[in-house]
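A.B. asks: Requesting a structural model of the entry that follows:
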Amino acid sequence: MVEFTYVMLKPDGVKLGLYEEVERIFAENGLTIVKHKLDNLNGNKELIREHYAHLLDKSFYPDLENFMMSGDIMPMIVMGENAVAKVRALIGPTNVLKARNEAPDSLRARFGNPDFGPANVIHASDSKENAVVEIKRFFGITITQPEMVEEGSKYEDSGYSKIMKARRKIRESWKSR
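C.D. replies: Predicted coordinates for the structure are as follows:
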């Protein structure tokens with residue numbers, strides 16, 4: 001099923017210039033980045049606390065918060081078949097050492113810093129429901145996870161249809177390289 005997910009390059013991922021690599025890997029796996037922006041969370045502790053509310057009581061949280069304010073981030077909206085699960089597989093486990101052992105070709109295994117926990121280069125939503133929440137949080141827009149959309153459906157003349165056509169063009173351009 002086609003779905004949206006939220007992905008964020010963390011400050012270390014942005015500093016490493018990973019956007020084009022992420023875009024290439026996603027496209028090779030049938031995923032399209034439909035929206036992205038360069039942003040900075042410096043001084044926005046409230047947003048960081050909201051995003052990482054499930055980690056506030058952890059001993060490493062202050063380091064995580066400082067890390068997230070240390071440089072630019074790149075929030076992205078990604079679309080594709082089973083996008084949440086596909087993206088999670090491509091980025092690998094949260095822990096960089098675990099990623100290197102279990103998913104050595106993953107983004108976190110290849111680019112994460114095993115000596116500093118928060119420096120795992122990328123975040124991705126863990127469910128379609130959280131993707132909707134995180135997209136709203138970082139882009140200020142409310143999306144609805146689409147049902148399977150096929151040509152000739154009620155969505156064909158909608159903005160969604162334009163995104164699907166753009167996605168096909170991007171996929172075709174990557175195949176010709």
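
A.B. asks: what about Arg88, distance to Asp126?
C.D. replies: Separation of Arg88 from Asp126 (CB to CB, to the nearest Å): 7 Å. In short, each C-beta sits where N, CA and C put it, glycine included.

A.B. asks: more crowded one of the two?
C.D. replies: Neighbour totals were compared for Arg88 and Asp126, and Arg88 leads with 19 against 16 (other CB atoms under 10 Å).

A.B. asks: That one contacts His123, correct?
C.D. replies: No - with contact defined as CB atoms under 8 Å, Arg88 does not count as touching His123 (10.6 Å).

A.B. asks: what ranges of the chain fall below the confidence cut-off?
C.D. replies: For the chain, the stretches with pLDDT under 70 are 147-177.

A.B. asks: Show me what the longest strand along the chain is packed up against.
C.D. replies: Ranked by number of residues, the top strand in the chain under DSSP state E is strand 72-81. Strand 72-81 sits against strand 2-9, helix 11-15, helix 19-28, strand 31-36, strand 39-40, helix 128-139, helix 159-175, with contacts defined as 3 or more CB pairs under 8 Å, 6 or more residues apart in numbering; DSSP states H and E.

A.B. asks: Walk me through which strands it pairs with, and which way each runs.
C.D. replies: strand 2-9 (antiparallel), strand 31-36 (antiparallel), strand 39-40 (antiparallel) (DSSP bridges).

A.B. asks: Give me the angle between the longest one and helix 128-139.
C.D. replies: Read it as strand 2-9. Here strand 2-9 runs at an angle of 50 degrees relative to helix 128-139 (axes from the mean of the first three to the mean of the last three CA atoms, to 10 degrees).

A.B. asks: Ala53: neighbouring residues, count only.
C.D. replies: Residues near Ala53, counting by other CB under 10 Å, number 9.

A.B. asks: Same check on Leu97?
C.D. replies: The burial count assigned to Leu97 is 14, neighbours taken as other CB under 10 Å.

A.B. asks: For it, which residues are in contact?
C.D. replies: Taking CB atoms under 8 Å, 6 or more residues apart in numbering, we find Leu97 in contact with Pro114.

A.B. asks: how about the helix or strand it falls within: buried residues?
C.D. replies: Element membership for Leu97, per DSSP states H and E: helix 96-102. Within helix 96-102, the residues scored as buried using 16 or more other CB atoms under 10 Å are Val96, Ala99, Arg100.
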